[in-house]
Every structure is written in C-alpha cells, then in structure tokens.
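Colleague: Prediction below, plus the sequence it came from.
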Amino acid sequence: MTDFPGLLRALRKEKVRFIVVGGAAATAHGSARLTLDLDVVYSRTPENRRRLAAAIAPLAPALRGAPESLPFVWDERTIRSGLNFSLSTSLGALDLLGEVAGGGRYQNLGNDTETIHVFGVDCLCVNLDALIRLKRAAGRRKDLETIAELEAIREEREKTGLR
Amino acid sequence: MVPVPDASPLPPAKVDRLVEELKKDVDRTLIRENLKLTVEERLVQLMRLQEFAEELRRAGRATFGR
C-alpha cells in the first residue's frame, strides 16, 4: 500500500516544492480508478534538489524495477544528473518527475494548481483541466480511459455543483 | 513474433474520437459518490482499495501458486 500521508508529510517536512499529478491527483478530483504510486512534479532548483534529497533519504529509496546489485546513491548529485525517478521507498512507490508527460515542468504548472489540505498538510495539486490537458498532450494509448473518466468528472461537477 | 505495441503519440483528433467512445462506459454513479467525499476521504478510500487489491493478489498466489 502507498502511504500517501507519510509521503506527503515527508516532502512537506523538508519544504520540498512539488505538485501532485497523475493517478493520486485524479483520485483527489474524484476518480474511482486504482493507482499504486504517488506521482509528483518537483522544482529543479538547486535548493529544492537538496530538500528533495533530504526528504527521501530516510525512506530507503531504490530504483523501482532495477536489479538489487545496481549501485544507487540517493543524493542531490543523483537528482541533478537525472530527471524522472521511479522509486520504491519504505512508504510505497513514489515517482519524482522533473517533467511530466505532456510537457509540464514545475514552473510551467504554477497557474494550473490548487492547494489541497490533506492529512494535516497543505499540498499543491494539478487542477482537473490541466490534468486532462497534460494527458491529452501526451497522446498515450494507456491514458485514454483515464481521460474519459476525468472528462466525465468535469461534466458531473458542472451538473451537480460538487467538487 | 510478438507484436511491439505502438508507442507513438496518438493524433489529437483520434484521441477526441476514442475518448468520446470511452466516456459512454464510465460509471458515473461512482464519480457522483466520490464527489460527495472530501479529498482526504478519497485518498483514504484509494489506500483501502490498494489493500484490497493486494489481498486479492495474495489469495491468487496462494490458490494458483504463482
């Protein structure tokens, strides 16, 4: 199970600048689909890379799907050298994205977020319109059913007034 | 030979057409129920669903030995 409260609190504790995207964002907006990880877009500034390294280091991060024999050191240098990381951690699967499919980086998504208060912390979450836009721009076959559901959510929100 | 899935991005017009088709199959009753919940309740529900999925996997492995 993904410990969403634990992961979000770990990121917030170190004041990491991040935006929740992907399946967890879809769930936040009302999706009924199962997702097994937490996807976040993070700011690539040097300060934020240091905060991210510090936040995740205590969670025994490892590259998901990589052989155990493959050397992996989680630190600011690794984050600087890479971009997107699919990690397994002691709190569950965590995808750290320097850039999200469909073309969004942290600084490009600033106007497309809303603050959600969950598990005692405030987090930025990509808004529903931007989530749909990103998934449409990526044009991936695996996202088609998700896009259909997200658009249905938007229609139901308009119909019912619920958020 | 096993066919390789096409990973090239779909053109927007095709995405539009396929999404409109798929929307007909979306269970809107589940969406309406979710929209009545808070964001935190939706994430807690997701974690319970993950636990249930894992329990089913465990049961499958125990039954079918995989």
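Modeller: Everything's here; your move. The structure presented is a predicted model; accordingly, all values stated were derived computationally and were not measured. Numbers count the residues shown, from 1 in each chain, chains lettered A, B, ... in the order given.
Colleague: all strands for chain A, in order.
Modeller: Residue ranges of the strands in chain A, as given by DSSP state E, are A:18-21, A:37-42, A:62-63, A:85-89, A:92-97, A:113-118, A:121-126.
Colleague: I'd like to know which elements the fourth one is packed against.
Modeller: Same thing as strand A:85-89. Secondary-structure packing of strand A:85-89 (3 or more Cβ pairs under 8 Å, 6 or more residues apart in numbering or on different chains; DSSP states H and E): strand A:62-63, strand A:92-97. Just so you know, the C-beta spots here come from the backbone N, C-alpha and C atoms, and that holds for glycine as well.
Colleague: Format the ones you listed as a markdown table; extra columns: mean pLDDT, mean neighbour count and distance to chain B.
Modeller: Formatted as a markdown table, those follow (pLDDT from 0 to 100; neighbours: other Cβ atoms under 10 Å in any protein chain shown; distance: least, Cβ to the nearest Cβ, whole Å):
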| stretch | mean pLDDT | mean neighbour count | distance to chain B |
| --- | --- | --- | --- |
| strand A:62-63 | 96 | 16 | 19 |
| strand A:92-97 | 97 | 20 | 9 |
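Colleague: Any stretches of chain A with poor pLDDT?
Modeller: Along chain A, segments meeting pLDDT under 70 are nowhere present.
Colleague: Show me which residues of chain A are close to chain B?
Modeller: Neighbours of chain B within chain A, by Cβ under 8 Å from any Cβ of the partner chain: A:1-4, A:24, A:27-28, A:30-32, A:34-36, A:116-119, A:125, A:136, A:138-141, A:144-145, A:147-149, A:151-153, A:156-157, A:160, A:162-163.
Colleague: Mind giving me the PyMOL command for buried ones among these?
Modeller: Of the residues of chain A next to chain B, the buried ones can be selected in PyMOL as follows, counting by 16 or more other Cβ atoms under 10 Å in any protein chain shown:
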select buried, chain A and resi 1+2+3+4+24+27+28+30+31+32+35+116+118+119+125+136+138+139+140+144+145+147+148+149+151+152+153+156+157
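Colleague: how close does the nearest residue to B:Leu30 once chain neighbours are set aside sit to A:Tyr42?
Modeller: With sequence-adjacent residues excluded and distances taken as Cβ to Cβ, 6 or more residues apart in numbering or on different chains, B:Leu30 is closest to A:Ala32, at 4.0 Å. Remark: distance between A:Ala32 and A:Tyr42 (Cβ to Cβ, to the nearest Å) = 27 Å.
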